[in-house]
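model the following, please.
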Amino acid sequence: MIDEILNLVKKHEEWRGTQCLNLIPSENVMSPTARSLLSSELGHRYTARDHFYMGTHFTDEIEQYGEKLAKQVFKSAIADLRPLSGHVADMIFLASYTKTGDTFMCVSPDDGGYPGMWNDGLAGLFSLKAVPFPFSKHYMNIKVEETKEAIRRIRPKIVIFGASLITFPHPVEELAKTASENGAIVGFDGSHVMGLIAGEQFQNPLKEGAHALFGSTHKTLFGPQGGIFLADKEHGEFVKSKIYPNFVDNAHWNRIAALTLALAEMEKFGTAYAKQVIRNSKTLAKALYDYGFPVICQHLGFTQSHQVILDYGDYKKGRTFAEKLQSANIIVDCVVRIGTCEITRRGMKEGEMLKIAEMIKRAAIDAEPPENIKKDVAKLSAEFQEVKYCFEK
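Model (predicted):
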């Protein structure tokens, strides 16, 4: 039994780690040092705000150090690393400021919003009414004037920017004042773009009027899988007081140690990394568009994030496309979003984006035998096994 388990993990690591091109925008890779902290002794331990457990002084110092770094990186008054995922961070924000029957506004899943926030997710769980932003798929963004009118008419309790499909900054600055004047608390789910925000290459929601910024720590932000909550002083202190014991007990301190190191890496290397992510996205998008792929928003320069989005019209066609690429060891999701965050962290630049676009064309348009493409994919992957934008150890 033990050999079976170890063998399955080994096979996965060899395949996904060394033989594939990982283009899923929800994923990234940690530095070897950050990754090593996940298997540290901290993974066995508890701590608590009331010091119920003894032997926690180093754990507490790590958490304090991590919060300090997070506040510096994101320019926030308050930071909390305890949310176990981006979804849990969303849950904490919604539950802290709503009651049964309240209305909140966010991007609909039909427009690329996060399904976990919608009726089958947190809205349904908390018996809230989710109202969609007026949205333009042509511009892949929220309609400002229509949204102002909707906020004044509906008076939602919460307004949440951010989305699962996010290629351009959202109009937080244009809408936050209207939301606040009409009694709404403003949040930004930065799960996908947290690393670009930290690298100061996307937008700064907290500076633009959002009361809170929250989300995942493992997409463009290259930490371990988990969540983070950042906010101004008033809203941050209020939410921080509720996290334990309402939403998180054991916050997984090995994860927090790894996240703390990732935040230090982001503080040092985040700007260079984020700039390269966006350059890579634009280069890859243009190359794919020139090959005839249905890349959205050509009129806007395709993207200003880590995502390149192909519009195949429906999920079934997207899945067919994704399966074709998987047969050649090119990994994407079924929407189709193509992400540049992980390949950038591995050191790839514009030249490699042109090679990747050609491989995608060979797999999806030329219908070249997958085994031929796999060899070139493995060769390119082998050249970029060392994680960049991190401290040398």
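
what's next to stretch 370-380, contact-wise?
18-21, 327-330, 352, 355-356, 359, 362-363 (C-beta atoms under 8 Å, 6 or more residues apart in numbering). Heads up, the C-betas are built off the backbone N, CA and C, glycines and all.

in strands, which of those residues appear?
Using DSSP state E, the subset of these located in strands is Leu21, Ile330.

got TSV for the contacts of stretch 370-380, with distance to Leu165 and pLDDT too?
Converted to TSV, these look like this (distance: C-beta to C-beta, whole Å; pLDDT from 0 to 100):
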residue	distance to Leu165	pLDDT
Thr18	29	96
Gln19	28	97
Cys20	23	98
Leu21	21	98
Ser327	25	98
Ala328	24	98
Asn329	24	98
Ile330	20	98
Glu352	24	98
Lys355	25	98
Ile356	20	98
Met359	23	98
Arg362	26	98
Ala363	23	98
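
in ChimeraX, how would I select just the buried ones from the contacts of stretch 370-380?
Per 16 or more other C-beta atoms under 10 Å, the buried members of the contacts of stretch 370-380 correspond to this ChimeraX selection:
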select :20,21,328,329,330,352,355,356,359,362,363
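
just the helices in the stretch 1-150 of the chain please.
2-14, 32-37, 57-74, 86-97, 122-125, 144-154 (DSSP state H, counting those that start in this stretch).

roughly how far out does the fourth one sit from the chain middle?
I take that to be helix 86-97. Here the centre of helix 86-97 is set off from its chain's centre by 16 Å, with C-alpha atoms, centre = their mean, to the nearest Å.

which other helices and strands contact it?
Contacts defined by 3 or more C-beta pairs under 8 Å, 6 or more residues apart in numbering; DSSP states H and E place helix 86-97 against helix 122-125, strand 158-161, strand 185-189, strand 212-216, strand 227-231, helix 233-246.

for Glu386, find the nearest of these.
strand 212-216 (24.4 Å; C-beta to C-beta).

run through who's touching the closest one.
By C-beta under 8 Å, 6+ apart, strand 212-216 touches 26, 74, 76, 83, 85-86, 89-90, 92-93, 162, 185-192, 194, 197, 205-206, 225-232, 235-236, 239.

compute the inter-axis angle for it and strand 227-231.
170 degrees (axes from the mean of the first three to the mean of the last three C-alpha atoms, to 10 degrees).

could you list the buried residues of strand 212-216?
Ala212, Leu213, Phe214, Gly215, Ser216.

count the neighbours of Val239 for me.
Neighbour count for Val239, taken as other C-beta atoms under 10 Å: 24.

can you check His57 too?
Using other C-beta under 10 Å, His57 has 10 other residues around it.

what does Glu174 give?
15.

before we move on, what about Ser127?
11.

nearest spatial neighbour of Thr178, skipping sequence neighbours?
In space, and not counting its chain neighbours, Thr178 is closest to Lys148: 4.8 Å by C-beta to C-beta, 6 or more residues apart in numbering.

is it true that the one you found touches Leu175?
Yes. Assessed by C-beta atoms under 8 Å, Lys148 is found in contact with Leu175 at 6.6 Å.

between those two, tell me which one has more neighbours.
Neighbours were counted for Lys148 and for Leu175 using other C-beta under 10 Å; Leu175 has more, 25 against 18.

between the contacts of stretch 370-380, which is nearest Asn280?
Nearest to Asn280 among the contacts of stretch 370-380, with distances taken as C-beta to C-beta, is Glu352, at 7.9 Å.

returning to what we had before: including distance to Thr220, could the contacts of stretch 370-380 go into CSV?
Shown next, in CSV, are the contacts of stretch 370-380 (distance: C-beta to C-beta, whole Å):
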residue, distance to Thr220
Thr18, 23
Gln19, 24
Cys20, 20
Leu21, 18
Ser327, 28
Ala328, 25
Asn329, 23
Ile330, 20
Glu352, 18
Lys355, 22
Ile356, 18
Met359, 23
Arg362, 28
Ala363, 25
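
nearest to Thr167 among the contacts of stretch 370-380?
Of these, the one sitting nearest to Thr167 (C-beta to C-beta) turns out to be Ile356, at 18.1 Å.
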